[in-house]
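1. coords please:
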Amino acid sequence: MSTAALTAVPPAGRETRPGLGRLTLVELRKMTDTRAGFWLQLAIAAITIVLVTAIAIWGEETDQDFRSLLGAAIQPASTLGPIVGVLLVASEWSQRTAQITFALVPRRPRVLGAKLLAGIAWCAVAFAAGAVVAAVGTIAAAPEDAWRMPAALIFQDAFYVVTSMLGGIAFGAALLASAPAIVLYFVLPIAWSIVGSFAAFEGAARWLDGSRTLAPLVDETLSGTQWARALTTLALWMLLPLLIGLWRIVRDEVR
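-> Now for the predicted structure:
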């Protein structure tokens with residue numbers, strides 16, 4: 001055996017594995033490798049531009065400042081981005097590529113961690129792009145007090161985008177099937193909103209209905225009580241499915 005071959009063989013007992021940064025880049029590439037992922041992200045970009053342009057041209061002056069346009073610009077990424085997150089996790093199981101992934105990276109929680117980091121990185125890019133589009137729309141519309149916006153609200157907008165994406169990843173991990181995960185991600189919160197409209201469930205709905213607790217993130221600076229309600233909602237609709245998904249990914253047999 002040559003010297004080069006010897007140096008290529010890792011010492012006994014030492015595990016070789018790709019770094020978390022490299023895994024994250026791989027997961028980011030997976031988001032656009034499929035036709036569904038590519039066209040979905042292209043649609044998000046197109047809808048964002050069209051929406052902001054329409055508001056800048058035909059909207060009311062009160063809706064043409066940077067605060068309002070940024071809130072509008074992040075809506076496509078917040079609404080359709082979770083589908084990208086679902087596909088990032090669940091498509092590997094439906095397309096049977098998880099065997100290859102876990103053969104190369106046996107530590108499954110590490111793979112899920114890379115997918116979460118990739119989702120956050122995607123959100124950072126989407127939010128930055130939305131901010132640029134909103135800024136261009138604000139300059140074009142030139143309303144009064146165009147740039148007045150609390151820093152806390154910028155953070156809340158970014159937080160809204162990130163939690164939407166992570167919610168999609170969580171549902172994809174919990175169900176490990178793309179179609180059911182996408183359907184339930186949208187249907188369950190809507191169903192809960194309907195149930196919460198009844199007086200008997202009003203108290204619980206104030207803490208667990210995302211349409212009430214998360215929607216204000218893009219409209220106003222939240223108070224302490226509002227943050228507590230938002231985080232409680234996220235614990236139910238994001239953290240719980242993510243923990244279930246982690247348990248399933250670690251325990252389920254890859255077929």
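2. doesn't Ile194 make contact with Asp209?
-> No - between Asp209 and Ile194 there is no contact under Cβ atoms under 8 Å: 9.8 Å. Heads up, the C-betas are built off the backbone N, CA and C, glycines and all.
3. Please identify which of these two sits among more neighbours.
-> Taking other Cβ atoms under 10 Å, Asp209 and Ile194 do not tie; Asp209 has more neighbours (24 against 12).
4. Next, the more buried one: phi, psi?
-> Main-chain torsions, Asp209, degrees, to the nearest 10: phi -90, psi 110.
5. Tell me where the stretch 1-150 of the chain has helices.
-> Under the criterion DSSP state H, counting those that start in this stretch, the stretch 1-150 of the chain contains helices at 3-8, 20-33, 35-58, 66-73, 75-94, 98-104, 108-141.
6. okay, now Ser197: neighbour count?
-> When neighbours are counted by other Cβ under 10 Å, Ser197 registers 11.
7. ok, now which ones touch it?
-> With contact taken as Cβ atoms under 8 Å, 6 or more residues apart in numbering, Ser197 is in contact with Ala205.
8. Find me the pLDDT at it, would you?
-> Looking at Ser197, its pLDDT stands at 89.
9. buried stuff in stretch 233-248?
-> Of all the residues in stretch 233-248, those buried under the rule 16 or more other Cβ atoms under 10 Å are Thr233, Leu234, Leu236, Trp237, Met238, Pro241, Leu242, Gly245, Leu246.
10. Show me which positions of the helix or strand the second one falls within end up buried.
-> Using DSSP states H and E, Leu234 maps to helix 224-234. Judged by neighbour count using 16+ other Cβ under 10 Å, the buried positions of helix 224-234 are Gln226, Arg229, Ala230, Thr233, Leu234.
11. Check stretch 37-52 too.
-> Those would be Gly37, Leu40, Gln41, Ile44, Ile47, Thr48, Ile49, Leu51, Val52, for stretch 37-52 by 16+ other Cβ under 10 Å.
12. hang on, the fourth one packs against Ala126?
-> Yes - contact between Ile44 and Ala126 holds when scored by Cβ under 8 Å: they sit 7.2 Å apart.
13. Touching both of those two, which residues are there?
-> With Cβ under 8 Å, 6+ apart as the test, Ile44 and Ala126 both reach Ala77, Gly81.
14. In the chain, where is pLDDT below threshold?
-> 1-16, 255 (pLDDT under 70).
15. Geometric centre of it: which residue is closest?
-> The chain has Met165 as the residue nearest its centroid, 0.9 Å off, counting by Cα atoms, centre = their mean.
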